[in-house]
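**Q** next input, structure requested:
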Amino acid sequence: MVLAKARYLECLLRAIKITTEKTHCKPLCMRMLCRPFTNIASADLQDVPKGFDGWEPVDDVYRIDRYPPKIRHISECLDDLRAQDKWAYCRKPEIYSDRTVNLSLLLDLTIPLKKKQVEPFIGMAAIPHKFKASNKVICFAEGDQVTEAMNCGAHMIGDEALINQILNDEFTDYDYIVASPSMMAGLLPLKKKLRKTFPSSKRGSVGVDMKKMLALYLNGIAYKVQTNIPHVNVAVGKLSLSNTQIEENVNSLIEAVCTHKPPAAGPLIRKATVSAFLLDGHQFKYESYVPGSCEEEK
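**A** Numbering: from 1, shown residues only. Below is the predicted model:
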């Protein structure tokens, strides 16, 4: 390391001497003076990626934005998060002893041929491994479907009185609402209030298969596209889960997001990052989780 620093200073002094003796030469770039002591085996200091200070740092003190990100398998990223979790400071360790793992997907919503964008979407993804308590789901049904809904774990069965309580904000102890097709006419007064969470067959919250519908909304995770910078940010597990379990949850969520991709659009996902509460984010290779209809052309 000492020899490397000496070599860097030698090159730096030589460049300063040249610019002072030959006035027709370009002045020394200030970025070169501030360059960290990395990738200095080359005498001209030009063997570096464009826009960065080097391919990788030589020690553990460096600016992350000055080096290209390392895109690895998700298992390696999760191992790094667990290693950082052992020493990272947290004000209330008793509350955040088991940190939540978050998945962030940067999306490309443009449709090149039609010169327009994919409409921002929301949805529900079924995950194979639970990591939180079940959601509270209200079911609007009638007849035999009422018994089936209660046996499948519905929080309560809705009626006309409950609709009025929801409209007046007198009842808010619920997460989602599902309904049978025959009950949709009575739910129309809630459409303006619930907006995008209003029951819809497109999102799987209206149907006759109560078991399948309630299994999705009781144990699934909701995702939504943020319109400022098109991306999806959603929790996919806890650090206490194994790498395989988190990976399977990530796979299920990416498959659900890719179902919103129109045929004319290009690759929907541009970048995938996994992180945890107050810990660093790590990019990982997501291509293997993308369904065949959404894969980039190789």
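**Q** just the helices in the protein please.
**A** With helices called from DSSP state H, the chain shows them at 2-21, 30-33, 74-85, 144-151, 160-167, 184-187, 191-194, 210-219, 243-258.
**Q** between these, which gets nearest to Ala272?
**A** helix 243-258 (7.5 Å; CB to CB). For every residue, glycine as well, the C-beta is placed using N, CA and C.
**Q** run through who's touching that closest one.
**A** 74-75, 78-79, 101, 103, 105, 107, 123-129, 131, 221, 223, 232, 234, 236-237, 241, 268-269, 272, 274, 286, 289-291, 293-294 (CB atoms under 8 Å, 6 or more residues apart in numbering).
**Q** give me the buried subset of the residues you listed.
**A** Among those, the ones that count as buried by 16 or more other CB atoms under 10 Å are 74, 78, 101, 103, 105, 107, 123-127, 129, 131, 221, 223, 232, 234, 236-237, 241, 268-269, 272, 274, 286, 289-290, 294.
**Q** so Pro189 makes contact with Ile166?
**A** No: with contact defined as CB atoms under 8 Å, Pro189 does not reach Ile166; the gap is 9.1 Å.
**Q** where does the stretch 1-150 of the chain have low pLDDT?
**A** Along the stretch 1-150 of the chain, the model assigns pLDDT under 70 to residues 1-46, 114.
**Q** just the strands in it please.
**A** 100-107, 110-111, 116-117, 122-125, 137-140 (DSSP state E, counting those that start in this stretch).
**Q** elements contacting the second one?
**A** It stands for strand 110-111. Contact analysis of strand 110-111 by 3 or more CB pairs under 8 Å, 6 or more residues apart in numbering; DSSP states H and E lists strand 116-117 as its packing neighbours.
**Q** sheet partners, orientation included, of the strand it packs on?
**A** strand 110-111 (antiparallel) (DSSP bridges).
**Q** quick check: which ranges of the stretch 151-298 of the chain have low pLDDT?
**A** 293-298.
**Q** how close does Ile64 get to Pro57?
**A** 9 Å (CB to CB, to the nearest Å).
**Q** how is this protein divided into domains?
**A** Here the domain assignment for the chain is 2-66, 74-123+223-294, 137-219, based on automatic domain parsing.
**Q** for Phe198, grab phi and psi.
**A** Main-chain dihedrals, Phe198, degrees, to the nearest 10: phi -60, psi 140.
**Q** my guess is it contacts Lys191, does it?
**A** Yes: contact criterion CB under 8 Å: Phe198 and Lys191 qualify, at 5.0 Å.
**Q** of the two, which one has the most company?
**A** Neighbours per residue, other CB atoms under 10 Å: of Phe198 and Lys191, the larger number sits with Phe198, 18 against 11.
**Q** OK, contacts around that one?
**A** 177, 187, 190-191.
**Q** turn these into TSV, columns for distance to Pro262.
**A** As requested, the contacts of Phe198 are exported to TSV (distance: CB to CB, whole Å):
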residue	distance to Pro262
Ile177	28
Leu187	29
Leu190	30
Lys191	26
